[in-house]
Every structure is written in structure tokens, then in C-alpha cells.
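Chemist: here is a sequence with its predicted model. Questions after.
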Amino acid sequence: MKHSSIIIFLAVLFLSGITLRVSAEKKDSLFVVRIDPSLEKILSLEKNTNGIKGNAQSFIQLTEPELQYRKQQIVKTNSKIYIHLDGTGILFEGVKIADTLIRFSRIENTHNINYNGSGHLFSNGENIYVYGGYGFWKSNGHLKKFNFIDKEWDIISLEKEIIPPGSYSPGVWHDVNRNRMYVLTEKPVNEAIVDFENKNKAVKSTYYLDFGTMNWIDNPPLHSKTSQLLRKGVLPMQNENGILFSSDMNVYLLDLKSNKVLRLSDKSIAQSISRIAQQDLYFLDKNMVFFKNQETGRLDSLSIPINEFKEESFPIFSKHIPEYFYWSGLMAILIAFVILISTQIDRLPNKKITVELLEQKKLEFTAIENGLIQFLINKSRKQLKADINELNYVLGVKEKNIGLQKKIRSEAIKAINEKFSYLTGIAEPLVSIERSNKDKRYFEYFIQKEHIQIAITILKTANES
């Protein structure tokens, strides 16, 4: 009984800790802030802004322990200004109450925290959105819009989920004039799953979201060199033409309107920009980077000599293939395919795989290999495919560690396919592998329909020998 009480007590403490980590009580709800030069500059910006990133306690001085360390992001609409706490849904609306004072009032009803970390905060008209972000061990490509009536964040229904890099890496750009949001690189992160091949893998596909239709539109893929720059890029800032960022101690400007990659050769400015990342907040307005000096609290600026940027030899997006090249290539592929099929059709009828022919080759399959072949024949006859767990069971390694399971599976399938190729002269493998339609992270195994009878003959040979 004593042990049961201790367990219950520890469980309550554990659940209480979880509650504290995923929610925050609504205590800090009203702040009156002096308009310092940084806020004054932000208020003077004529256009809507993306989330200007500040450090914890940058604009308002929070007292709740779970919120004190949250970075603060500020965003402007056409008529108002808001502060959002990174990794939460908490939102404050600012109203100017005097020439030197602004009041920030908490306006949402959400309590969840620890999600959407480094999400992309931006405004579109009077609407406020958060796109992507990381939380609960994985990143997402969700688009959330703040509902001013219900005081909650609504999920915008999109036909597919495009997962962007975090807001501290370059990869997302807002084309205000055409009302679009470009996603240049995807970066899915799922730390809840061990997936060494695909973990944090950047994808070269690009898209843009049309805010008029709320549809994702496929865009040309990135040039390989541009993709490398973005993967190493830091300190992204946006202007009306594209994204300014630092990569490998150089400053780059991706001019998405003209599909040009521009580089600044002045290394001193590159180093100055890298130091700006250590300041309280920073943003780009026209050709000036403004930032709040963390030591003095003063608003400083750095002029970016746009005219000194030089065009690189490679574009942002890979160039389109001319239409006549496309049709010529398609025709060549079609002709090659017809020739290949004709060759296979001529070859296969002459391959009469018999017990006698196989016995002449004097090559045997092991008992484990025969068992695996029989299992896959049974599955394939039913038009089913076997998964990894089923193969592990048949091979007798389901209790082994993942590394050993993978090694034995690979060796067994390789041996079967090599023997099959030697015995029959057929290039295609007996045991085929493809990614699962349900979950692309995993593989499925099967025997093609035209090879099932040959596999049965192989087993018959083994049984009669």
C-alpha cells in the first residue's frame, strides 16, 4: 500500500510538471510601454511587416516563469501593431495612449505553449498568420490565422502540407504585390522517430501559396548552388524584391522577381551583419538594416550598398527546358521504351524455366531463403505486400536489434536475387522492394506477378533435390 501511494504521488507530480510545460495561466495581460526609438521606427513603417524578431523581454516585461524566456515577435497590419510570443499562441494588441506611451493588451484565449517555435509570423491586410514552426518533437507546415471574433487561432485548410525551415533560416518570402508566399526549401524535422536516412533532409522543391485561392502552386526547383547557400544561410531579412541573408561570410540577396542571386563582396559588411544577429532585434527597411543595440538600448542602423551587389553565374531557380527539347526528349524515351519492351517480349518466351534446367545449374537456396520465397509467394498471390516486421518474423530476427535486423534482411534478399539472376538470366529481381503508399518512410516487399510461377518452380526444385 505504501508503494502504491508513492507511485500515485510521483505520477501526480509528473503530470503537474507536464501541465506547467504545455500551458500558461493568463496572468500578464496588460502592459504600458514607453515608445523608445525602436518602437517609434517600427510604428512609422508604411507597409505591413513580417514578424520582427526580438529577444525575450524585448518589448514587454513578462513575469510568468513559463513566458519570461520566450522570444518576442512584433508585427504590423495596415492600422495596428501586435506582439506575439514565439512558440505559443499568445498575442498582444498595441494601442497608442499618448505620444510616448503604448498599451499592449493580451487579446487571445489560448493556453497552449511549446508549439510553433520559430514559426513565420506575418500580416496580410488586417489578418495575422503564423506559418510552420516546431513543437512536441516535430515541425509542421500548418497555416494558422488569428480569429478576432473567437480570440483563437484557426487552421487554414490547405491541400497539402509544405514544411518550411524555421524563421531564423532563409527560405520563405512574401510577395506583397502579388499576394503570394514563396517557400524555397522544405525542412521537415521529426525527432520522435529514428530515421537516419531522411532526418532533417532539405528538399529542393519550391512552391508559392496564392492567398487569393489559398492553393499551393508548384514552382521551378532551386538551382543546386542556391540550395546550398540557403541551407547554410542565417539572419534572413525580407524586402519587396526578395531575401537578404548571410551565408559563408558573404551577404546575398535573392532577387526573386528577376530570378537572380546577388552577392556583396564587401567582407566587412558581412561581418557587421553577423554581429547584428547578437542584438536585440533587427529588420530591413529599404536599404537599411535597423537593430536595437543590446548594450545601450539605442536604435542603430547599417546601410546596405545594394548597387554594389554583383550577379552570380547561377540563378535562383533552375531554368525551364525549352518545349521542343521536352518533346524531343519524350519521344526519345518513348522509342527506347518500345525497343526495351520488344527485347523483353522476345526474350521471355524462350526462358522456359523448368526443374531440369535449374538442376543443371547446381545452385541451391538455403532453408531460410526458401521459407522467405514461399512466404512472399503466398502474399503476392493475394496481391498483398509484406512489411519489415513480417520479414523479420520469417527470418527469425524479430527480437534482434534494428541494425542486425536490417543486415540479415538485406543479405537474404541480396542472396535470393543474385541466385535468381544466375539461374534464370532474368535481370529483374525476384524479391522486389518499394516504398509503402501509407508511409513513405518504410518499405514493402513482394514478388512480381510474372515471376511467381518461376519462384514456385525454384521451390519445387529445392524439395525434390
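Modeler: Here it is on my side, so go on.
Chemist: make sure residue 221 is actually in contact with residue 315.
Modeler: No: Residue 221 lies out of contact with residue 315 (Cβ atoms under 8 Å); the separation is 11.1 Å. Placement of C-beta: from N, CA and C, glycine included.
Chemist: grab the nearest non-local neighbour of residue 61.
Modeler: Leaving aside its chain neighbours, residue 61 sits nearest to residue 31 (7.1 Å; criterion: Cβ to Cβ, 6 or more residues apart in numbering).
Chemist: one step back: if you count what's nearby, which of residue 221 and residue 315 comes out ahead?
Modeler: residue 315 (19 against 15; other Cβ atoms under 10 Å).
Chemist: skipping adjacent residues, who's closest to that one in space?
Modeler: residue 259 (4.8 Å).
Chemist: that neighbour and residue 287, how far apart?
Modeler: Separation of residue 259 from residue 287 (Cβ to Cβ, to the nearest Å) stands at 21 Å.
Chemist: if you count what's nearby, which of those two comes out ahead?
Modeler: residue 259 (16 against 13).
Chemist: so how far is residue 205 from that one?
Modeler: 17 Å.
Chemist: restricting to C-alpha, output stretch 142-162 in CSV.
Modeler: Output of stretch 142-162 as CSV, limited to C-alpha atoms (Å, rounded to 0.1, in the frame of the first residue of the first chain):
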residue,chain,number,x,y,z
HIS,A,142,0.3,24.4,-40.9
LEU,A,143,-1.0,27.9,-41.6
LYS,A,144,-2.8,29.5,-38.6
LYS,A,145,-4.9,32.6,-38.8
PHE,A,146,-5.9,34.6,-35.8
ASN,A,147,-9.7,34.7,-35.3
PHE,A,148,-10.5,38.2,-33.8
ILE,A,149,-14.1,37.1,-33.0
ASP,A,150,-13.3,33.9,-31.1
LYS,A,151,-9.9,35.1,-29.9
GLU,A,152,-8.4,31.8,-31.1
TRP,A,153,-6.1,30.6,-33.9
ASP,A,154,-7.9,28.9,-36.8
ILE,A,155,-6.2,26.3,-39.1
ILE,A,156,-6.5,27.3,-42.7
SER,A,157,-7.3,24.2,-44.8
LEU,A,158,-4.7,23.6,-47.5
GLU,A,159,-4.5,20.7,-50.0
LYS,A,160,-1.0,19.7,-48.8
GLU,A,161,1.4,20.4,-46.0
ILE,A,162,4.6,22.2,-47.0
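Chemist: so the residue nearest to residue 315 sits right up against residue 318, yeah?
Modeler: No: using Cβ under 8 Å, residue 259 makes no contact with residue 318, being 9.8 Å away.
Chemist: tell me the confidence at the closest residue to residue 78 other than its chain neighbours?
Modeler: Using Cβ to Cβ, 6+ apart and skipping residues adjacent in sequence, the residue nearest residue 78 is residue 126, 6.1 Å away. With respect to pLDDT, residue 126 scores 91.
Chemist: show the contacting residues for residue 126.
Modeler: Counting by Cβ atoms under 8 Å, 6 or more residues apart in numbering, residue 126 touches 77-80.
Chemist: quick one: mean pLDDT for the helix or strand hosting residue 411?
Modeler: Following DSSP states H and E, one finds residue 411 within helix 402-424. Taken as a whole, helix 402-424 carries a mean pLDDT of 84.
Chemist: what packs against the helix or strand just after it?
Modeler: Using DSSP H and E, the helix or strand that follows helix 402-424 in sequence is strand 432-435. Applying 3 or more Cβ pairs under 8 Å, 6 or more residues apart in numbering; DSSP states H and E, one finds that strand 432-435 contacts strand 443-446.
Chemist: tell me the gap between the strand it packs on and the middle of its chain.
Modeler: Counting by Cα atoms, centre = their mean, to the nearest Å, strand 443-446 is centred 26 Å from the centre of its parent chain.
Chemist: that one: what's the following helix or strand?
Modeler: helix 452-464.
Chemist: so which bits of that next one are buried?
Modeler: For helix 452-464, burial by neighbour count (16 or more other Cβ atoms under 10 Å) applies to 452, 454-458, 461-462.
Chemist: hmm, residue 309 is touching residue 258, no?
Modeler: No: using Cβ under 8 Å, residue 309 is not in contact with residue 258, being 12.0 Å away.
Chemist: which one of the two is surrounded by more residues?
Modeler: A count of neighbours by other Cβ under 10 Å puts residue 309 above the other of residue 309 and residue 258, at 20 against 12.
Chemist: what's the closest non-adjacent residue to that one?
Modeler: Nearest to residue 309 is residue 262, by Cβ to Cβ, 6+ apart, at 3.8 Å.
Chemist: same check, this time on residue 53
Modeler: Residue 53 sits nearest to residue 73 (Cβ to Cβ, 6+ apart), 5.6 Å away.
Chemist: what's the local residue count around the one you found?
Modeler: 26.
Chemist: all strands of the stretch 101-250 of the chain, in order?
Modeler: Per DSSP state E, counting those that start in this stretch, the stretch 101-250 of the chain carries strands over the ranges 101-106, 120-124, 127-135, 138-147, 152-155, 172-175, 180-183, 206-210, 215-219, 234-238, 242-247, 250-255.
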